[in-house]
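> Sequence and predicted structure below; questions after.
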Amino acid sequence: MFEDGEKKRIFVEESICNGCHMCEVMCSFVNTQNFYPNKSNVKVINYEWKGRNKPLVSCDVETHAPCQTLPQCVAFCPTGALVWATKDEFATMVYDLHQNIEAKPSYKARAPWTLR
Ligand code: SF4
Ligand code: SF4
C-alpha cells in the first residue's frame, strides 16, 4: 500500500497551461477511439480575459488501460502543465520551475521535464 506521498497521480501546473485542449482531445480518443472532447475526463477552461487557462482532470487512471504506464493526457501535453508524479516529486519539480523560470522564460512554453 502506498503512502499518499508515494502514489503517482496527475497533477496540474496551471501557470504553464497554454489552453490548447490537446489533453481533452487525446483523452476522448482513449475513451472512444474518436476525437470527441465531450467524452473526455479532462476539461480545459480558457479564461481569455485573464490570460490564464484551467485544466480540470477527473479520472481514476487505473481503469484506463492505455494510461496505466503513462497517462495519455500527460504524454501529449506540449508544455508540461500536466504531470504524472508523486506528491513529493511534483512539489520539487514545481519549486525548481519557479526558481528558474525568470532566467529561462522558455520554461513557460516547455517545462524542463518535457525536454527530452
Ligand atoms: S489518464 Fe487517460 S483517461 Fe484519464 S484523463 Fe488522462 S487521458 Fe483521460
Ligand atoms: S494541460 Fe497541456 S494539453 Fe491541456 S490545454 Fe493545457 S497545455 Fe494544452
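Received it, and whenever you're ready, just let me know what you need. Ligands and ions are numbered 1, 2, ... in the order given.

> Strands of this structure, residue ranges please.
Residue ranges of the strands in the chain, as given by DSSP state E, are 9-12, 42-47, 52-57, 82-85.

> got CSV for those, with mean pLDDT and distance to ligand 2 too?
Yep, even glycine has a C-beta here, placed from its N, CA and C like the rest. Converted to CSV, these look like this (pLDDT from 0 to 100; distance: least, Cβ to the nearest ligand atom, whole Å):
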stretch, mean pLDDT, distance to ligand 2
strand 9-12, 97, 7
strand 42-47, 97, 4
strand 52-57, 97, 4
strand 82-85, 97, 5
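
> Columns mean neighbour count on top of those, output as JSON lines?
Formatted as JSON lines, these follow (neighbours: other Cβ atoms under 10 Å):
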{"stretch": "strand 9-12", "mean neighbour count": "19"}
{"stretch": "strand 42-47", "mean neighbour count": "16"}
{"stretch": "strand 52-57", "mean neighbour count": "16"}
{"stretch": "strand 82-85", "mean neighbour count": "20"}
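
> Can you add distance to residue 101 and give those strands back as a markdown table?
Listed next are the strands of the chain as a markdown table, based on distance: least, Cβ to Cβ, whole Å:
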| stretch | distance to residue 101 |
| --- | --- |
| strand 9-12 | 17 |
| strand 42-47 | 20 |
| strand 52-57 | 15 |
| strand 82-85 | 15 |
